[in-house]
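Visitor: using only what follows, build the 3D model:
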Amino acid sequence: MAAAAPDHLVRAIGLGGRARAVAALTTATAEELRRIHDPSPQVAAALARLATGALLLAASLEKATAREPMLTLEVEGGGPAGRLVATASPAGWVRATVANPLAASATRNDGRLDVAAVVGASGHLVVTRDPGVAEPYRGVVALETGDLAKDLAAYLAGSEQSPAAVLLGVLLVPAGRVEVAGGFLVQLLPGVSDDEAAALSDRVRAFGPLSADLRAGRGPREWLAMTFPDGCSVLEEVPVRFHCGCSTERVETALKLLGIGEIRAAMDEDNDRQASVTCGFCRRVYRVPRLRLLELIREIESERTRP
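Guide: As a prediction, this is how the structure comes out:
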């Protein structure tokens, strides 16, 4: 049996520059998210799809900026999973978290996981683009289905006036491990004709489930060939991985943002010895000693008195 391909993302332009596509294989990354959060199968699939979707949308951000550009997807669907968040970079890293990882739902009649049932469809989707050179742009749209692929396509068409098709696929083995995961995005750009748009739409609709394609050994390059039979120009291929980026410094900054009251409450909960802070993305536990907590309080007080 051939070794599984490493996770990667491919950006391409087709139809003479009148359509763009992003295709990603995210199996190992989705499995790492499952390992970290130990979720129900439905939430594992939701995290895989959200993280993959974040990577697809982040690929459009420019890399050469003053600070690293990032894109964040937040889903508040009203379902039992609660709030889901994924942040990705065009460099290929992504992280994701969920409020209630153990949320579950009944299996659908066709035997597939009912991911939309744990996500919900009565809330909203927030897309925050941080280009790295200006203030972040935040778009908010109502969730329409709880199917993350359809909701992302609706966001692109409505908020960014960019007609698009988004496909997200994930397959879990009975034991819960992620067997395959990936995603594909195609966007129409200015200048595309009605005939070209119709033909492109027909080819994308002819796709089977991406999870089945991945299981059969097909992936990003094959999807691009199917979508652009006359060829396309590959702009770049980047490796994909889970990356959190949390640190003691960031935890202390977060504590300061919470304020003096929250810091004192954290000290009381831990018998005044330290505060334990768990990163929601990687589950790493940071222990901030009491003396450092008192220093943070003094820093807050000093900043408040500055002219």
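Visitor: what about the helices in the stretch 51-200 of the chain?
Guide: 115-119, 148-159, 194-205 (DSSP state H, counting those that start in this stretch).
Visitor: residues contacting the closest residue to Gly176 other than its chain neighbours?
Guide: Residue nearest to Gly176 in three dimensions, not counting chain neighbours: Pro41, with 5.6 Å by Cβ to Cβ, 6 or more residues apart in numbering. Heads up, the C-betas are built off the backbone N, CA and C, glycines and all. Pro41 makes contacts with 104, 113, 172, 176, as judged by Cβ atoms under 8 Å, 6 or more residues apart in numbering.
Visitor: for Arg67, list the residues it contacts.
Guide: Contacts for Arg67 were tallied using Cβ under 8 Å, 6+ apart; they are 132-133.
Visitor: any idea how far Pro229 is from the residue nearest the centre of the chain?
Guide: Among the residues of the chain, the one closest to the centroid is Ala51, at 2.6 Å (Cα atoms, centre = their mean). Using Cβ to Cβ, to the nearest Å, Ala51 is found at 30 Å from Pro229.
Visitor: same question for Arg287.
Guide: Where Pro229 is concerned, Arg287 sits at a distance of 57 Å (Cβ to Cβ).
Visitor: which one's more surrounded, those two?
Guide: Neighbour totals were compared for Arg287 and Pro229, and Arg287 leads with 13 against 10 (other Cβ atoms under 10 Å).
Visitor: what's opposite that one in the beta bridge?
Guide: Ser276 (DSSP bridges).
Visitor: surely it meets Gln274?
Guide: Yes - in this structure, Arg287 is within contact of Gln274 by Cβ atoms under 8 Å, at 5.0 Å.
Visitor: for stretch 210-218, the distance to its chain's centre please.
Guide: Computed by Cα atoms, centre = their mean, to the nearest Å, the chain-centroid distance of stretch 210-218 equals 21 Å.
Visitor: hey, where'd the strands end up in this structure?
Guide: 8-14, 19-25, 70-76, 84-88, 93-98, 124-130, 137-142, 164-172, 178-188, 232-239, 241-242, 274-278, 285-289 (DSSP state E).
Visitor: pLDDT weak spots in the stretch 1-150 of the chain?
Guide: The model of the stretch 1-150 of the chain has pLDDT under 70 over residues 1-3, 109-111.
Visitor: the same query, at a cut-off of 50, please.
Guide: The model of the stretch 1-150 of the chain has pLDDT under 50 over residues 1.
Visitor: can you give the domain ranges for this structure?
Guide: 8-242, 248-305 (automatic domain parsing).
Visitor: looking at these, which is buried most?
Guide: domain 8-242 (a mean of 19; mean count of other Cβ atoms under 10 Å).
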